[in-house]
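Student: Fold the following and give me the result.
(one chain, ligands or ions: 1)
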Amino acid sequence: MDVIALDDPTDAQIREWHAVLSAVHAADPAGEPAPEPEQTAERLLGGDRGSRQRLWAVADGGALAAVAALRLPGEPGADRPAEIDIQVRPGHRRRGLGRRLLASAAGGLRADGRSSVIAQVHAGTPAVPFLESHGFECVLVLRGMLLRLDEVPAERVARLVAAGPPGYRLIRWQGVVPDEHATALAHAKHAMADLAEYEGAPWDAHRVRETAEVVAKRGDDLYTVAALDASGTVVAGFTEVVVPHDAAGRAAQYDTAVAPEHRGRRIGIWVKAAMLEWLAVERPEVREIETDNSGDNEHMIAVNEELGFRVERESLEYQAPTSALP
Ligand SMILES: CC(C)(COP(=O)(O)OP(=O)(O)OC[C@H]1O[C@@H](n2cnc3c(N)ncnc32)[C@H](O)[C@@H]1OP(=O)(O)O)[C@@H](O)C(=O)NCCC(=O)NCCS
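Tutor: I've put the predicted structure just below:
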């Protein structure tokens, strides 16, 4: 069984790729919805804007036994890590297919001038020993939390919204931020310092708009609730939720942040409660919201637990220097 590059996958190969993802998901659902064929096709054909990708697979007869996607954000040689995702059918594991796909991806990393690669995996799965035996180290622990909206009484949400701190008011919008708040929102996004560092680019009005446009281009809906301070020109805190067009009832929490000088006034839980109230009216089909929190972000985890989010799984982010790969 050889590794083949699928630079321009055919419809049949996309179907086969999806069959691998489905087989892996069926063996270990990890609380996540099964992948949809359209999602797989979109990802393989389009990729994200601002990012290229390379694909490899191992064929066993007419079927694919294992697949690997390498996402290359930014320009070649950019000082940003690439992202690798390898999936091996349960019946084909421990035969070295994962290692061979990783070696092919390492060739792709070198050809693109990338110095490192990251992988997101679930705690307690075979991916952990696989990555650790190939030069990867865990750099981030993420708590995957889920809120089931039918478990959150509307009165509790209403109470939280009514208990907003004096001197602030709520605003909200769908899609791209209104012009008059774009710069203020970019300032508030700086409050998510860790993420800004990781993404490698400072937040400004242009980047805020561009991020929202990427969501819209995918056909997904972005909802934002923000708290303005008394001057009306400062975004003290905000929260974003995305309802994917193929959501099947599940929305995704995006960024939430409160600027340092406005912390300690329950603005985080206020904007999140207001978001729940808005979604209940605007998108009643949304039944659950999922979110990932950095394991050391105790404040955000506490806010989410108070709202009713429960930890579903722990995700780990692993990173390896290209030089350590096979
Ligand atoms: C993780 C995964 C890709 C590994 O694929 P694989 O083809 O079974 O891995 P390999 O056979 O190449 O394993 C290479 C080495 O990794 C380690 N390893 C892999 N799976 C392991 C397991 N379940 N337990 C302990 N060590 C393991 C071993 O050191 C193994 O060498 P050995 O078999 O000689 O002991 C596969 O289990 C999988 O598809 N998991 C689900 C999807 C996923 O989590 N992907 C990770 C994203 S990068």
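
Student: how close does the closest residue in space to residue 127 that isn't next to it in sequence get to residue 73?
Tutor: Spatially, and ignoring its direct neighbours in sequence, residue 127 is nearest to residue 121 (3.6 Å; CB to CB, 6 or more residues apart in numbering). Glycine gets a C-beta too; all of them are placed from N, C-alpha and C. Distance from residue 121 to residue 73, counting by CB to CB, to the nearest Å: 19 Å.

Student: Can you report how many residues lie near residue 215?
Tutor: For residue 215, the count of nearby residues is 18 (other CB atoms under 10 Å).

Student: Remind me which helix or strand residue 265 belongs to.
Tutor: Element membership for residue 265, per DSSP states H and E: none, as it lies in no helix or strand.

Student: Sketch out the low-pLDDT regions of the stretch 51-200 of the chain for me.
Tutor: When residues are selected by pLDDT under 70, those of the stretch 51-200 of the chain lie in 193-200.

Student: Show me what residue of it gets nearest to the ligand.
Tutor: The stretch 51-200 of the chain approaches the ligand most closely through residue 98 (2.6 Å), counting by CB to the nearest ligand atom.

Student: Next, the contact list for that residue, please.
Tutor: 66, 86, 88, 130 (CB atoms under 8 Å, 6 or more residues apart in numbering).

Student: what's the answer for residue 7, then?
Tutor: By CB under 8 Å, 6+ apart, the residues touching residue 7 are 54, 55.

Student: Can you spell out which residues form a bridge with the nearest residue to residue 58 once chain neighbours are set aside?
Tutor: Excluding the flanking residues, the one nearest residue 58 by CB to CB, 6+ apart is residue 66, at 4.4 Å. Judged by DSSP bridges, the bridge partners of residue 66 are residue 58, residue 88.

Student: wouldn't residue 172 be in contact with residue 225 here?
Tutor: Yes: with contact defined as CB atoms under 8 Å, residue 172 reaches residue 225; the gap is 4.5 Å.

Student: how about the strands in the stretch 201-326 of the chain?
Tutor: Per DSSP state E, counting those that start in this stretch, the stretch 201-326 of the chain carries strands over the ranges 221-228, 235-243, 250-258, 288-294, 310-321.

Student: which one of these is the most hemmed in?
Tutor: Most buried of the strands of the stretch 201-326 of the chain, by mean neighbour count (mean count of other CB atoms under 10 Å): strand 235-243, with a mean of 24.

Student: Pull up the pairing partners for that strand, direction included.
Tutor: strand 221-228 (antiparallel), strand 250-258 (antiparallel).

Student: May I ask which two of the contacts of residue 98 are separated the most?
Tutor: Comparing every pair within the contacts of residue 98 by CB to CB identifies 66 and 130 as the most remote, at 12.0 Å.

Student: where do the helices sit along the protein?
Tutor: Using DSSP state H, the helices of the chain run over residues 11-27, 37-45, 97-111, 127-132, 154-162, 179-190, 193-199, 205-217, 267-282, 298-307.

Student: Near the ligand, which residues of the stretch 1-150 of the chain? Just list them.
Tutor: 24, 84-88, 93-99, 119, 121, 125-127, 129-130, 133 (CB under 6 Å from any ligand atom).

Student: Now, of those, which are buried?
Tutor: 24, 84-88, 93, 97-98, 119, 121, 127, 130 (16 or more other CB atoms under 10 Å).

Student: phi, psi of the most far-flung residue of the chain relative to its centre?
Tutor: Within the chain, residue 61 marks the point farthest from the mean C-alpha position, 34.2 Å out by CA atoms, centre = their mean. Dihedral angles of residue 61 (phi, psi; degrees, to the nearest 10) stand at phi 70, psi -130.

Student: could we number from 50 for the rest of this?
Tutor: Will do, 50 is the new start, and the previous item becomes residue 110.

Student: so who does it touch?
Tutor: Per CB under 8 Å, 6+ apart, neighbours of residue 110: none.

Student: Distance of it relative to residue 50?
Tutor: Counting by CB to CB - residue 110 and residue 50 are separated by 9 Å.

Student: now residue 254
Tutor: Separation of residue 254 from residue 50 (CB to CB): 51 Å.

Student: try residue 165
Tutor: 28 Å.
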